[in-house]
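**Q** quick check, what structure comes out for this input:
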Amino acid sequence: MKLTTKLLTTAALLLTATAAVAHPGHDHGASGFTSGLLHPMLGLDHLLAMAAIGFWSVRQDNAMKNATPLFVVGGMILGAGLAFAGIGLPGVETGIVLSVIVAGILIAAMAKLPTAFGAVLVMAFMVFHGHAHGTEMPSGAMLAAYLAGFSIATLGITFAGRGLGALLMKADNRVARGVGAGLAAVGGYLMVG
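**A** Just a heads-up that it's a prediction; the model follows:
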């Protein structure tokens, strides 16, 4: 089986997953690190948004491409900090789902954004994700360990998305555009579902 076929099959399986796995229970053991590490990987909306942002970053200028992982983690930590401080953020779930939709559209359109605008957009999206992670931190989890866990998972997902994007864009831009359209469609489904 060709690498492109394997990647497309994997993407199709991810895109057909249901919203029922969007926010499973988050008590993954006593370790705050383990809970933080697993949370981004077990929520479909989080997983798709982070991977899509990494995928989208492939076509950006070098400054944006290189800084995207920092913007992703920085936004996550800022959002989690707001949650830990007890500061509510309206529309968290809507912001999370919109991040999937918009990232999918950006990929499908092969959009390049100015670095400043791209940075603000990525940070804003990730503040919503970070707030959700912060709100859902299991009681008794160590804060620093939880932050370290979800930061590592977030970086891993973002870099995996970047790797997939690089492979698909090198193979055929139409496939990459199709993945973007599929992500936007899944985001739309999560929005109404």
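**Q** so which bits of stretch 162-179 are buried?
**A** For stretch 162-179, burial by neighbour count (16 or more other C-beta atoms under 10 Å) applies to R162, L164, G165, A166, L168, M169, V175, A176, R177, G178, V179. Bear in mind the C-beta positions are built from the backbone N, C-alpha and C, glycine included.
**Q** give me the subset of those lying in helices.
**A** Counting by DSSP state H, these place R162, L164, G165, A166, L168, M169, V175, A176, R177, G178, V179 in helices.
**Q** ok, the nearest residue to I107 once chain neighbours are set aside - contacts?
**A** Spatially, and ignoring its direct neighbours in sequence, I107 is nearest to G180 (2.9 Å; C-beta to C-beta, 6 or more residues apart in numbering). Contacts of G180 were listed using C-beta atoms under 8 Å, 6 or more residues apart in numbering, and they are A52, F55, W56, A103, G104, I105, L106, I107, A108, A109.
**Q** ok, the third one - how many residues close by?
**A** Think W56. Counted with other C-beta atoms under 10 Å, residues neighbouring W56 total 33.
**Q** secondary structure element for G75?
**A** Assigned by DSSP states H and E, G75 falls within helix 62-84.
**Q** could you pull out the helices for this protein?
**A** Under DSSP H, the chain gives helices at 3-15, 32-42, 44-57, 62-84, 92-108, 115-135, 143-171, 173-192.
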